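Engineer: sharing a sequence plus its predicted fold:
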Amino acid sequence: QVQLVESGGGLVQPGGSLRLSCAASGFALDYYAIGWFRQAPGKKREGVSCIRSSDGRTYYADSVKGRFTVSRDNAKNTLYLQMNTLKPDDTAIYYCAASRAPINIWYVGEEYEYWGQGTQVTVSS
């Protein structure tokens, strides 16, 4: 059974850091394109970052470039999102997603087959 489980969310002050984890089971994460998405209340789901399975290339939304870093530990079958210099606008539920097929447009959620349940990130003083 394919499963993605996110963890690591929480409440953090502006300028702080968090590291999100996405533990995969039922499949090998390194054969899949895997990404992070987020959705804030009243807003559309937004692609945050992605690692392409074919060559490990990474992608980031302009809003997080230079602040967030995506990585993958194949031995632990886990995806990470290191988030630094957090802003109130980063407040959202964060989801990880995976696709067996090559990704054409990494920030389009419909490209991904499997989704986690999400973890809440709140940036507030």
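Structural biologist: Done, it's in.
Engineer: can you give me the neighbour number for the closest residue to residue 30 other than its chain neighbours?
Structural biologist: Nearest non-adjacent residue to residue 30, counting by C-beta to C-beta, 6 or more residues apart in numbering: residue 74, 4.5 Å away. Glycine gets a C-beta too; all of them are placed from N, C-alpha and C. The tally of other residues near residue 74 (other C-beta atoms under 10 Å) stands at 10.
Engineer: got the contact list for residue 74?
Structural biologist: Listed by C-beta atoms under 8 Å, 6 or more residues apart in numbering, the contact partners of residue 74 are 28, 29, 30.
Engineer: ok, those vs residue 100, which is closest?
Structural biologist: residue 28 (10.4 Å; C-beta to C-beta).
Engineer: right, and the closest one touches residue 76 too?
Structural biologist: No: Residue 28 lies out of contact with residue 76 (C-beta atoms under 8 Å); the separation is 11.7 Å.
Engineer: that older thread, and the pLDDT at the residue nearest to residue 30?
Structural biologist: Looking at residue 74, its pLDDT reads 89.
Engineer: please report how far it lies from residue 9.
Structural biologist: 23 Å (C-beta to C-beta, to the nearest Å).
Engineer: and what of residue 1?
Structural biologist: 23 Å.
Engineer: neighbour count winner among these two?
Structural biologist: Higher neighbour count among residue 1 and residue 9: residue 9, with 18 against 5, using other C-beta under 10 Å.
Engineer: which strand or helix spans the residue positioned nearest the centre of the chain?
Structural biologist: Note on the chain: the residue nearest the mean C-alpha position is residue 36, at 2.1 Å, using C-alpha atoms, centre = their mean. Assessed by DSSP states H and E, residue 36 sits inside strand 33-39.
Engineer: so which bits of the helix or strand just after that strand are buried?
Structural biologist: Sequence order places strand 46-51 as the next helix or strand after strand 33-39, per DSSP H and E. Using 16 or more other C-beta atoms under 10 Å as the burial criterion, the residues of strand 46-51 that qualify are 46, 47, 48, 49, 50, 51.
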